[in-house]
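Chemist: Generate a structure from the sequence data that follows.
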Amino acid sequence: MPRRSPNHHEIAMRQAANTYETTSPLPLTEYNYPYSAIPEKVNPYAIGRGPQSGYNVCNSTTEGADSQCQTMVVNSLKDFCVWGSPTADGLIGNVEAAVVAYCAQAGHGTRVMPAGTITGAQFMKTSAYIQVVGRFNQTGINLDPNDYGGELDPHGADLLGNPIGGLVYSTGMPTGDNSTYMQVTSWNNFVGSGIFCIKLCDPTISSPNYCENRFDLLGCSYNMPASYKDGEFTSCEGDLQDVVATYTSNGQTYTWSQPETLPATSTLPWTPRIPASSNCVTYSSQELFGTVSSSATASGSAATASGAKSSGSAKASGSGSRTGSGTAATATSTSTSGAGRVAVGSGLLAVLGAAVALL
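Modeler: Residues are numbered from 1 along each chain as shown. Now for the predicted structure:
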């Protein structure tokens with residue numbers, strides 16, 4: 001597939017940004033590029049899990065079903081992307097380092113989700129982050145329909161990111177101007193069990209960290225508590241969520257630490273609070289994506305299966321993607337009923353992407 005050649009200005013910008021990089025990659029979060037000066041590959045180094053499998057310069061020449069674009073955008077309810085498998089019927093545990101961007105709209109040089117992929121979604125803009133959550137047919141991003149899923153984030157055990165070299169941009173950040181693309185280096189994205197959630201934290205706000213990547217065993221319901229409803233498409237302003245794993249009991253504040261595995265009978269000591277929302281605008285699927293919403297039953301059926309797990313090669317790190325069964329650890333809230341259980345199988349630790357009950 002033909003690729004656009006960078007112009008002289010872009011080449012100069014990239015050379016300036018990389019003058020100190022000669023033999024080894026930096027942590028992914030230390031790479032910062034204006035949207036107009038994105039490099040061909042953030043991590044071309046054949047070191048560790050590298051080099052990067054895809055590319056970052058994405059445009060009309062790279063868009064399509066075979067795109068290997070690893071630059072994604074999240075702007076609004078209508079215009080957002082998630083990470084998905086580069087191969088058919090992929091398992092996140094196998095492809096986390098090589099996931100590619102799948103977008104709801106054409107125009108970003110990525111793969112485009114097929115019609116009907118998104119069956120329900122909510123966009124939330126707060127003072128510190130934006131997020132998109134919802135339900136979907138995960139085969140639309142080439143995931144195995146029975147994959148419980150896992151987390152993608154800009155860290156990983158080696159700090160090279162999942163995907164390696166993956167960049168994220170948005171025009172819709174809280175301190176943005178709704179037109180200029182801002183690079184976001186703190187984000188996380190869960191996909192699997194027929195559910196997706198992605199959160200981008202404003203780079204100008206450093207504390208607290210609402211995009212903490214240490215809780216990959218908990219899934220969407222704890223990392224991004226929200227309304228996960230089929231057939232509903234809303235764009236809202238919202239209050240800030242509680243910092244994940246920080247909770248109050250009997251007037252005292254506690255911080256929960258994620259164990260290496262969550263036993264089948266584990267019940268977490270707190271229930272995630274869904275933040276209040278306001279100024280919500282409701283859309284139809286046809287208004288947003290030109291399609292009529294259909295149920296995500298096929299891809300979501302894995303959320304009710306106990307003991308199933310995906311094979312894969314995910315590393316055991318606090319911020320990597322893992323796969324596994326996911327109905328054992330439960331919350332007592334009526335709004336969420338799944339924290340995720342880790343199963344040990346084939347030498348892997350596995351994570352539930354999310355099991356969220358309908359509100």
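Chemist: residue boundaries of the helices in the stretch 51-200 of the chain?
Modeler: Applying DSSP state H, counting those that start in this stretch to the stretch 51-200 of the chain gives helices spanning 92-95.
Chemist: swap that for the stretch 201-350 of the chain, sorry
Modeler: Using DSSP H, counting those that start in this stretch, helices in the stretch 201-350 of the chain cover 220-223, 285-289, 297-300.
Chemist: Worst mean pLDDT among these?
Modeler: Lowest mean pLDDT of the helices of the stretch 201-350 of the chain: helix 297-300, a mean of 38.
Chemist: Out of the helices and strands in this protein, which is least certain?
Modeler: Here the helix or strand of the chain ranked lowest by mean pLDDT, DSSP states H and E is strand 344-345, holding a mean of 22.
Chemist: show me where pLDDT drops low in this protein?
Modeler: For the chain, residues meeting the criterion pLDDT under 70 lie at 1-23, 293-359.
Chemist: Nearest to the spatial middle of it, which residue is it?
Modeler: With distances taken as CA atoms, centre = their mean, residue 189 lies nearest the centre of the chain, 1.3 Å away.
Chemist: and it, what does it touch?
Modeler: The contact partners of residue 189, by CB atoms under 8 Å, 6 or more residues apart in numbering, come to 82-83, 151-153, 196-199. Placement of C-beta: from N, CA and C, glycine included.
Chemist: Distance of it relative to residue 290?
Modeler: Per CB to CB, to the nearest Å, residue 189 is found 24 Å from residue 290.
Chemist: One more: residue 103?
Modeler: From residue 103 to residue 290 the distance is 14 Å (CB to CB).
Chemist: the more surrounded of those two?
Modeler: Just comparing residue 103 and residue 290: by other CB atoms under 10 Å the higher neighbour count belongs to residue 103, 24 against 9.
Chemist: Residue 243 is in contact with residue 208, correct?
Modeler: Yes - using CB atoms under 8 Å, residue 208 is in contact with residue 243, at 4.9 Å.
Chemist: ok, residue 247 to residue 269 distance?
Modeler: Counting by CB to CB, the separation of residue 247 from residue 269 is 7 Å.
Chemist: Overlap in contacts, these two.
Modeler: With CB under 8 Å, 6+ apart, residue 247 and residue 269 have common neighbours 254, 256.
Chemist: between these two, which one's more packed in?
Modeler: residue 247 (18 against 9).
Chemist: roughly how far apart are the nearest residue to that one once chain neighbours are set aside and residue 212?
Modeler: If the residues on either side of it in the chain are set aside, residue 247 comes closest to residue 270, at 3.6 Å by CB to CB, 6 or more residues apart in numbering. Computed as CB to CB, the residue 270 to residue 212 distance reads 15 Å.
Chemist: picking up where we left off before, give the bridge partners for the residue nearest to the centre of the chain, please.
Modeler: residue 152, residue 198 (DSSP bridges).
Chemist: Okay, it and residue 198: tell me how far apart.
Modeler: Distance check for residue 189 against residue 198: by CB to CB, it reads 4 Å.
Chemist: Report the set of residues contacting both of these two.
Modeler: In contact with both residue 189 and residue 198: residue 82, using CB under 8 Å, 6+ apart.
Chemist: thinking residue 213 is in contact with residue 151, fair?
Modeler: Yes - judged on CB under 8 Å, residue 213 makes contact with residue 151 at a distance of 7.1 Å.
Chemist: Among these two, which residue is more densely surrounded?
Modeler: Taking neighbours as other CB under 10 Å, residue 213 and residue 151 compare with residue 151 leading, 31 against 22.
Chemist: Need the nearest residue in space to the more buried one, chain neighbours excluded.
Modeler: Nearest to residue 151 is residue 216, by CB to CB, 6+ apart, at 4.0 Å.
Chemist: Next: residue 123.
Modeler: residue 77 (3.7 Å).
Chemist: What number of residues are in the vicinity of that neighbour?
Modeler: Neighbourhood size, residue 77 [other CB under 10 Å]: 24.
Chemist: Same question for residue 36.
Modeler: Using other CB under 10 Å, residue 36 is surrounded by 10 other residues.
Chemist: Can I take it that it is in a helix?
Modeler: Yes - under DSSP: H, G, I helix; E, B strand; the rest coil, residue 36 sits within a helix.
Chemist: May I have the beta-bridge partners of residue 100?
Modeler: In beta-bridge terms (that is, DSSP bridges), residue 100 pairs with residue 84.
Chemist: That one touches residue 54, doesn't it?
Modeler: Yes - applying CB under 8 Å as the test, residue 100 and residue 54 come out as touching, 5.7 Å apart.
Chemist: Now do the shared contacts for those two.
Modeler: Joint contacts of residue 100 and residue 54 (CB under 8 Å, 6+ apart) are 68-70, 86, 163.
Chemist: As TSV, those with neighbour count and distance to residue 221 would be great.
Modeler: Below are these laid out as TSV (neighbours: other CB atoms under 10 Å; distance: CB to CB, whole Å):
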residue	neighbour count	distance to residue 221
68	19	31
69	25	29
70	28	27
86	19	27
163	29	24
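Chemist: For residue 124, list each beta-bridge partner.
Modeler: Counting by DSSP bridges, residue 124 forms beta bridges with residue 131, residue 236.
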